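Asks: below: sequence and its predicted model.
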Amino acid sequence: MSGASAENNVGTTPVRDGYGFDGAALADWMQTHVEGFAGPLSVEQFKGGQSNPTYKLVTPSRSYVLRRKPPGDLLKGAHAVDREARVQMGLARAGFPVARVHALCTDDAVIGTWFYVMDMVDGRVFWDATLPEIDRAQRPAYFDAMNATLAALHQVDYQAVGLGDYGRAGNYFARQVGRWSQQYLADTAAGRDPNMDALVDWLAAHIPAGDETTIVHGDFRIDNMIFHPTEPRIVAVLDWELSTLGHPLADFAYNAMMYRMPPDIVAGLAGADLAALNIPTEADHIAAYCRRTGRDGIPGYGFYLAFNFFRMAAIFHGIKGRVIRGTAASASARERAQNFPRLARIAWETAQCVV
C-alpha cells in the first residue's frame, strides 16, 4: 500500500463525526457481557476499516477492539458483524489464529447498531507487501507463514467447528459472480463502468469445471494479518467480513493476486524486483500452497485471478457508493473510490489474458 494509504489506515484517531456513541452504555453492556472487564473506558476509532467502523476500547488493564455496523441506510446483507463474530469463534475452536471474541450485541439500543467486542492482539501489521521492515534473509519465512496459514484455513473441518451452515456448499462461483454483479448493478449512485459491464457477462460464461467447499476468508491480504512481534508467525487473521463457505482456489487466487496488484491500490507486488527483495515468486507461492493442500497445480488459475480482480473492483464500487451517500467508514474511502475505474480496467485486462 502506498505511504499515503498506510498513513490513512495505521493507528487510531478521535471518533469521527457521525460515528460516535454512548460510551457509558457500552461500558454497562461490557460489564455484563465481557469477562474481566473493568472501567473506566475510553474509545478511539481506528483509521482503517473500509466497511464496518472499528474502535479501540481502552481500559486501565487492557484494550479491546469493537466492530460495528455503520450508521445510516445499509444495503441488504452487507455489514454482517454477527457473521464476523461467529466465524472467528468457530475457528478459535480449531486452533486457527484469530482474535478472541468476547460477545456479540444485536440490540441496537446499546450503541445504535449491532457490534461485537474482541481482544486486541499485539503484533505487527505490514502495509507494504515488499516487507521493507524485515531483513532480506527472513522475508521468505514471512511469505511461507502466510501461505501455510491460508492452507490451514482451507483444511479446517467446518462442520466440526459448528460452521456447517455458514454458507451454501457448491456452485460458489456462479453465486458469487451473480452476487457481486447484482450489487454492482444495484448501486446506481456509484454509476456504471464499461469494463465491469463486460466482466459481468464474461465471468458467468467462463466458470471452470469442478467444485470444492471450505471456509474462505475472502480478503486474505498481508495487511489483514497480525504477525508475531519478532517471529515470522501469524498470531491473528483479521477482517472476516467477506468470509463464507466457498471455493478454496478463489481464496488462494485472491491472496496470490498481490503479485499483479499495483502497491498504491492495496498491498501489492506489481513492479517489484522479487529476486532482489528475496521474495518468493508467484510460481513458488502456488507450488507451496499446492504442496500443502495435495494439489497437482491449479487449472483455471487465470479465471480465479480475473474473478478476484472483478470482486475487488465491485467492493471499491460499493465504497464509492458509500462515499456518495455519506456512510463511508474509513478516512481512505475516497482514495479507494477514485481507484475503482483503474481496478475495473485491470480486472478486464486480466480476463483478456485467460486462454
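Replies: Done, it's in. Numbers count the residues shown, from 1 in each chain.
Asks: use CA for all of it now, contacts and neighbours both
Replies: Noted.
Asks: contacting residues around the residue nearest to Ala92 when sequence neighbours are not counted?
Replies: Spatial nearest neighbour of Ala92, chain neighbours left out: Val98 (6.3 Å); criterion: Cα to Cα, 6 or more residues apart in numbering. Val98 sits next to Gln88, Leu91, Ala92, Val235, Ala236, Val237, Leu238 when contact means Cα atoms under 8 Å, 6 or more residues apart in numbering.
Asks: would you mind measuring from the residue nearest the centre of the chain to Met257?
Replies: The centre of the chain sits closest to Asp219, judged by Cα atoms, centre = their mean, with a distance of 3.1 Å. Look at Asp219 and Met257: by Cα to Cα, to the nearest Å, they are 11 Å apart.
Asks: residues near the nearest residue to Ala189 once chain neighbours are set aside, how many?
Replies: In space, and not counting its chain neighbours, Ala189 is closest to Gly321: 5.7 Å by Cα to Cα, 6+ apart. The number of residues packed around Gly321, counting by other Cα atoms under 10 Å, is 20.
Asks: tell me the first helix or strand C-terminal of the helix or strand containing Gly321.
Replies: Per DSSP states H and E, Gly321 falls inside helix 301-325. Remark: after helix 301-325, the chain's next helix or strand is helix 333-352, criterion DSSP H and E.
Asks: quick one: end-to-end distance for stretch 19-37.
Replies: One end of stretch 19-37 to the other measures 23 Å (Cα to Cα).
Asks: got a list of contacts for it?
Replies: Stretch 19-37 is contacted by residues 38-43, 53, 70-71, 102-103, 110-112 when judged by Cα under 8 Å, 6+ apart.
Asks: and the residues you listed, which of them are buried?
Replies: Buried members of those, scored by 16 or more other Cα atoms under 10 Å, are Leu41, Val43, Pro53, Pro70, Pro71, His102, Ala103, Val110, Ile111, Gly112.
Asks: okay, and which of those residues map to helices?
Replies: Among the buried ones among the contacts of stretch 19-37, the ones falling in helices (DSSP state H) are Val110, Ile111.
Asks: need the buried ones among the contacts of stretch 19-37 in a markdown table with distance to Phe307, can you?
Replies: Supplementary listing: the buried ones among the contacts of stretch 19-37 in a markdown table, determined by distance: Cα to Cα, whole Å:
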| residue | distance to Phe307 |
| --- | --- |
| Leu41 | 43 |
| Val43 | 38 |
| Pro53 | 27 |
| Pro70 | 27 |
| Pro71 | 30 |
| His102 | 35 |
| Ala103 | 34 |
| Val110 | 39 |
| Ile111 | 37 |
| Gly112 | 35 |
